[in-house]
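**Q** sequence first, then the predicted structure, then my questions.
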Amino acid sequence: MAVDIAEIKRLRELTGVGMTDAKKALDEAGGDFDKALSEMRKKGMTKAEKRGEREARAGVIGSYLHDNRIGVLVELNCETDFVARNEMFTDLVKDISMHIAATAPQYVSADDIPAEERERVAAEFTEKVKGEGKPENMIPQIVEGMIKKHFAERCLLDQPFIKNPDQTVGEYLKENIAKLGENLVVRRFSRMALGEVE
């Protein structure tokens, strides 16, 4: 079965891999675009992760206002001013700002969670699980799962992306790293809602 060239190009754009690799993935998936994308994401993400080692110091501070009631500032960094002025990059900044306005994350990633906060949450969940009478040997695993879920909801990069809940914000960012060919980093953000006090 011949694979459509438009599908090959679309797959290449989404993953950042070469035309040959994209065609091969579609051939192997029997022309099933979603299946090929799933396989190519692994390869595309590998390329994105290699780019993640490069320093990102250019970029922009983007903003988003929702109904003049919620405001977001976000700093998104890239490697060059050329990419910082790219329309795809500015759209990414808008998407991330809008996501932050909608979901109110507390941290960029799990690395930003203070140790004392982790310990406080772990102690709280341990008490809860013990109170439910779970087997002693299972408690650490259960608590670890609860902690992971608790913080995934509060870390921007682990949250399901509002425009596509099938992928996390981190996966969406990696997809754009593959497309733009540069390391991209969400450095920090600030979210304000009318009437909220910190």
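**A** Received the coordinates, thanks.
**Q** Phe82 and Glu55: what is the separation?
**A** Here the criterion is CB to CB, to the nearest Å. By it, Phe82 lies 15 Å from Glu55. For glycine as for every other residue, the C-beta is placed from the backbone atoms N, C-alpha and C.
**Q** neighbour count for the two, which is higher?
**A** Phe82 (12 against 9; other CB atoms under 10 Å).
**Q** is the more buried one in a helix, a strand, or coil?
**A** helix (DSSP: H, G, I helix; E, B strand; the rest coil).
**Q** ok, now Glu196?
**A** Using three-state DSSP, the secondary structure recorded for Glu196 is coil.
**Q** for stretch 189-198, what is the average pLDDT?
**A** Regarding stretch 189-198, the rounded mean pLDDT is 85.
**Q** run a quick neighbour tally on the residue nearest to Cys155 when sequence neighbours are not counted.
**A** Nearest non-adjacent residue to Cys155, counting by CB to CB, 6 or more residues apart in numbering: Tyr107, 4.9 Å away. When neighbours are defined as other CB under 10 Å, Tyr107 has 17 of them.
**Q** Tyr107 reaches Ile113, doesn't it?
**A** Yes: using CB atoms under 8 Å, Tyr107 is in contact with Ile113, at 5.6 Å.
**Q** overlap in contacts, the two.
**A** Both Tyr107 and Ile113 are in contact with Phe151, Arg154, Cys155, where contact means CB atoms under 8 Å, 6 or more residues apart in numbering.
**Q** can you tell me which of those residues has the most neighbours?
**A** Neighbour counts for the shared contacts of Tyr107 and Ile113 (other CB under 10 Å) peak at Cys155, which has 21 neighbours.
**Q** so how far is Lys128 from Pro105?
**A** In this view, Pro105 and Lys128 are 23 Å apart by CB to CB.
**Q** neighbour count winner among those two?
**A** Using other CB under 10 Å as the criterion, Pro105 and Lys128 rank with Pro105 on top: 20 against 13.
**Q** now do the contacts for the more buried one.
**A** Contacts for Pro105 were tallied using CB under 8 Å, 6+ apart; they are Arg154, Cys155, Leu156, Gln159, Phe189.
**Q** separation between Gly170 and Ser109?
**A** From Gly170 over to Ser109 (counting by CB to CB), the distance is 8 Å.
**Q** what touches both of the two?
**A** Contacts common to Gly170 and Ser109, judged by CB under 8 Å, 6+ apart, are Leu157, Asp158.
**Q** SS state for Ile139?
**A** Assigned with three-state DSSP, Ile139 falls in the helix class.
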